[in-house]
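Asks: Structure, please.
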Amino acid sequence: MGQNETNGSKRKGEIKVKQPVILVMAAGMGSRYGGLKQMEAVGPGGEAILDYSLYDARRAGFEKAVLILNRRIEGEFREVVGRRIEKQMDVEYAFQELDHLPQGFSAPQGRTKPWGTGHAVLCGKEAVGDAPFVVINADDYYGVQSFEQVYRFLKTTQGSGTYCMAGYRLENTLTENGFVSRGICEINGEGKLQSVTERTRIESGPNGPFYVENGVSTPIAAGTVVSMNFWGFTPDFFAALEAGFSPFLERALAENPEKGEYLLPSVVDSMIHGGRAQVQVMISPDRWYGVTYREDRPTVVAALAAMTEQGLYPQQI
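Replies: A predicted model of the protein is given here:
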């Protein structure tokens, strides 16, 4: 397949831009799940959630995937998941390591936690190159419509700081088995993102969803749109990530050296408020599925089996 170049069958309304790349964050170690959830078999043929995401991405038009891994899982990941994906797409691997830091910084002794989603994306800069790109999590099922919408946006837009995001209704993204992290979004009447605030402990309750911060519970309105780390960026976003990373490290190493994280929603929010970016939100009708906890797996297996029976996916991807 072509290396990031547009192919000859340009869709109606598309402008001549580099072929978008899909960047997959797959370096997490699954502390709440208790294992490597990005490789967990959930499909009828033993597929992982990522197999379905990249199947949907291929149908939307994506041809290349950049997979961000931790080197400790590289061999197992390539064996369990990578070999299937490599038969279908152009695949390049990159690695998120604790010592992948700007000059003058080093990882604190005893830290094992990755530096967060913003750092993960930075680790894929060389592999993505100067193409527009999409960011997704390896262990989240997003639905086919979101890939189609984001691909179309990246093929028909241009200009620095012009991004997009697939948004989901909060109630479609919760688990009954514990808490989740989501970016709470504010959107204006034109569908543009006004702010995104990361909430790291969102739960379902008898009176609806709520988040907990500093021991205080705050309800979240029904229908609230959240970010699931499904973003569409032009390549200038890497420069913004780099510019913010060193200041983040200075704060994190002083205040929270073992657990501080450089998060994509925080970077995007800062750019919006600084007038350096606008983000079009495309609200997905799909339900999210994921394996945040091991108890989530039967629900995901049943949902994918049902979608396979309906003909949305083949028996074996």
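
Asks: low-scoring stretches of the stretch 101-250 of the chain, by residue?
Replies: Of all residues in the stretch 101-250 of the chain, none has pLDDT under 70.

Asks: Tell me where it has helices.
Replies: 117-122, 125-128, 144-156, 237-255 (DSSP state H, counting those that start in this stretch).

Asks: out of those helices, which comes closest to Phe179?
Replies: helix 117-122 (17.7 Å; CB to CB). All C-beta spots, glycine's among them, are computed from the backbone N, C-alpha and C.

Asks: List the buried residues for the closest one?
Replies: By 16 or more other CB atoms under 10 Å, the buried positions in helix 117-122 come out as Thr117, Gly118, His119, Ala120, Val121, Leu122.

Asks: quick one: which of those residues is nearest to Ile283?
Replies: Distances from Ile283 to those, taken by CB to CB, are shortest for Thr117, at 21.1 Å.

Asks: circling back to that earlier point, would you list the helices of the stretch 101-250 of the chain in CSV and tack on distance to Ser217?
Replies: Shown next, in CSV, are the helices of the stretch 101-250 of the chain (distance: least, CB to CB, whole Å):
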stretch, distance to Ser217
helix 117-122, 25
helix 125-128, 39
helix 144-156, 30
helix 237-255, 25
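
Asks: closest to Gln280 out of the ones you listed?
Replies: Of all the helices of the stretch 101-250 of the chain, helix 144-156 comes closest under CB to CB, at 6.5 Å.

Asks: before we move on, the earlier item: ok, so of the buried residues of helix 117-122, who is nearest Gly244?
Replies: For the buried residues of helix 117-122, the nearest to Gly244 is Gly118 (7.5 Å; CB to CB).

Asks: I'd like the distance between the closest one and Asn229.
Replies: 10 Å (CB to CB, to the nearest Å).

Asks: Now do the strands in the protein.
Replies: Assigned by DSSP state E, the chain shows strands spanning 21-25, 64-69, 90-95, 133-137, 140-141, 162-169, 180-187, 193-203, 210-213, 216-219, 225-233, 278-284, 289-290.

Asks: Partner strands of the third one, with direction?
Replies: Listed by DSSP bridges, the sheet partners of strand 90-95 and their directions read strand 64-69 (parallel).

Asks: cool, and the first one?
Replies: Note on strand 21-25: by DSSP bridges, its sheet partners are strand 64-69 (parallel), strand 133-137 (parallel).

Asks: For Thr200, which of these is the nearest?
Replies: strand 133-137 (14.9 Å).

Asks: now the closest one, how far from the chain's geometric center?
Replies: 5 Å (CA atoms, centre = their mean, to the nearest Å).

Asks: Kindly calculate the angle that it makes with helix 144-156.
Replies: Compare the direction of strand 133-137 with that of helix 144-156 by axes from the mean of the first three to the mean of the last three CA atoms, to 10 degrees and you get 160 degrees.

Asks: now the angle from strand 133-137 to helix 237-255?
Replies: 40 degrees.

Asks: Return the angle between stretch directions for strand 133-137 and strand 225-233.
Replies: 140 degrees.

Asks: Around the closest residue to Thr112 other than its chain neighbours, how many other residues sit close by?
Replies: Of all residues not flanking Thr112 in the chain, Leu98 sits nearest, at 7.8 Å (CB to CB, 6 or more residues apart in numbering). When counting by other CB atoms under 10 Å, one arrives at 15 neighbours for Leu98.

Asks: can you check Gly143 too?
Replies: Neighbours of Gly143 under the rule other CB under 10 Å: 22.

Asks: could I get the buried residues of helix 117-122 as TSV with distance to Ile22?
Replies: TSV is the format used below for the buried residues of helix 117-122 (distance: CB to CB, whole Å):
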residue	distance to Ile22
Thr117	15
Gly118	18
His119	19
Ala120	14
Val121	12
Leu122	17
